[in-house]
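Peer 1: Quick one: sequence and predicted model below, then my questions.
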Amino acid sequence: MDKHLILALYNAVSLALTVLLMIVCKKTIRSDKTKDRVLKWTALAVVAIHYSSLYVDYFSNHGEAAIDNTMILPVYPCNIVMWLLVIVAFMKNKESSLYKTLAEFTFIGGTFCGVIGVMFNINFLNNPDLADYDILKGLVSHSVMIFGTVYLYVFNYVKIEVLRTTRSIFFGLLLFASCGLLVNVLFAVFDISSVNAMFMLEPPLPELPFFNFFTIGILGVILSFIGLNVYELFAFPKEERWLTKFINERRK
């Protein structure tokens, strides 16, 4: 079977399960305590699945296992989102500016990164074998992460506000850039073969050289701002939209 068809089928099943589980959670969860528990267990599950291949390799290779660079360093966006989801799930002060920034970026940036990571999974496309545990766990961990990031919105951990949420996305991209720069510098200093952290050294698609980390980041902020404004048109009455408030303030 064609690898693109296999990936498409996986995505269809993954999406169906995510929607089904979200509906079940929405209909059955009644208390904030249970709601928080589901989020915490989801965040921990992502981490457990990510590192599970280390144990599978260890016990299937007579006590030897190779440690992938993504297990010790935040090489790619989803590596960072995975830990952001854990931080957000376990933060106690959910009214702080830090929490709101992290939660909003984890929802929007994390969901986007997760969807890209599943739909265009490079590891699978290079080795389309779901019998390979490393490949399978990579897809599953992304799927579980998407459930967690969307869960933040469905269960009201985030409240979308155009200007603040756009700012949160910008700060999140700065975090990506900082981690990517740090990892690339460390690899250069210690003379380790480059991993192109955060795709800052080379574009993810060689045939599209202009589509690099920086253009993707700028485009992401712009499209997010536009998308958030469209969201407000349907989710908020006119008097509560940021643009209406801005115009009214100017008229005073």
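Peer 2: Right, received. Where do you want to start?
Peer 1: quick one: F199 and N156, what's the gap?
Peer 2: Distance, F199 to N156, by CB to CB, to the nearest Å: 33 Å. Heads up, the C-betas are built off the backbone N, CA and C, glycines and all.
Peer 1: quick one, strands of the protein?
Peer 2: Ranges of strands within the chain: none, based on DSSP state E.
Peer 1: returning to that earlier point: mind checking which of F199 and N156 has more residues around it?
Peer 2: F199 (19 against 8; other CB atoms under 10 Å).
Peer 1: pLDDT value on the closest residue to the more buried one other than its chain neighbours, please?
Peer 2: Nearest-residue entry for F199: F213, 4.9 Å, with adjacent residues in sequence omitted and distances by CB to CB, 6 or more residues apart in numbering. At F213, the pLDDT value in this model is 84.
Peer 1: now do S60
Peer 2: According to the prediction, S60 has pLDDT 92.
Peer 1: Over to F199?
Peer 2: For F199, the model assigns a pLDDT of 89.
Peer 1: Run through the residues that contact it.
Peer 2: By CB atoms under 8 Å, 6 or more residues apart in numbering, the residues touching F199 are G180, N212, F213, I216.
Peer 1: Tell me, how many residues neighbour the last one?
Peer 2: So that's I216. Neighbours of I216 under the rule other CB under 10 Å: 17.
Peer 1: residue ranges with poor pLDDT in the stretch 101-250 of the chain?
Peer 2: Across the stretch 101-250 of the chain, nothing is flagged by pLDDT under 70.
Peer 1: Give the buried residues for stretch 175-187.
Peer 2: Judged by neighbour count (16 or more other CB atoms under 10 Å), stretch 175-187 contains these buried residues: L175, F176, C179, G180, V183, N184, F187.
Peer 1: tell me which of those residues is nearest to F120?
Peer 2: Distances from the buried residues of stretch 175-187 to F120 were compared by CB to CB; the smallest belongs to F176, at 17.6 Å.
Peer 1: I'd like the distance between the spatially most central residue of the chain and G148.
Peer 2: With distances taken as CA atoms, centre = their mean, the residue of the chain nearest its centroid is G110 (2.2 Å). With the distance defined as CB to CB, G110 ends up 8 Å from G148.
Peer 1: tell me, what's touching those two both at once?
Peer 2: In contact with both G110 and G148: L85, using CB under 8 Å, 6+ apart.
Peer 1: can I get the contacts of F199 in CSV with distance to R241?
Peer 2: Below are those laid out as CSV (distance: CB to CB, whole Å):
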residue, distance to R241
G180, 35
N212, 34
F213, 32
I216, 28
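Peer 1: correct me, but F107 touches I146?
Peer 2: No - under the contact definition of CB atoms under 8 Å, F107 does not touch I146, with a separation of 10.6 Å.
Peer 1: Take the buried residues of stretch 175-187 and write them to a markdown table, including distance to L130.
Peer 2: Listed next are the buried residues of stretch 175-187 as a markdown table, based on distance: CB to CB, whole Å:
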| residue | distance to L130 |
| --- | --- |
| L175 | 32 |
| F176 | 29 |
| C179 | 30 |
| G180 | 29 |
| V183 | 29 |
| N184 | 32 |
| F187 | 30 |
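Peer 1: what's the most distant pair in those?
Peer 2: The most widely separated members of the buried residues of stretch 175-187, counting by CB to CB, are L175 and F187 (18.8 Å).
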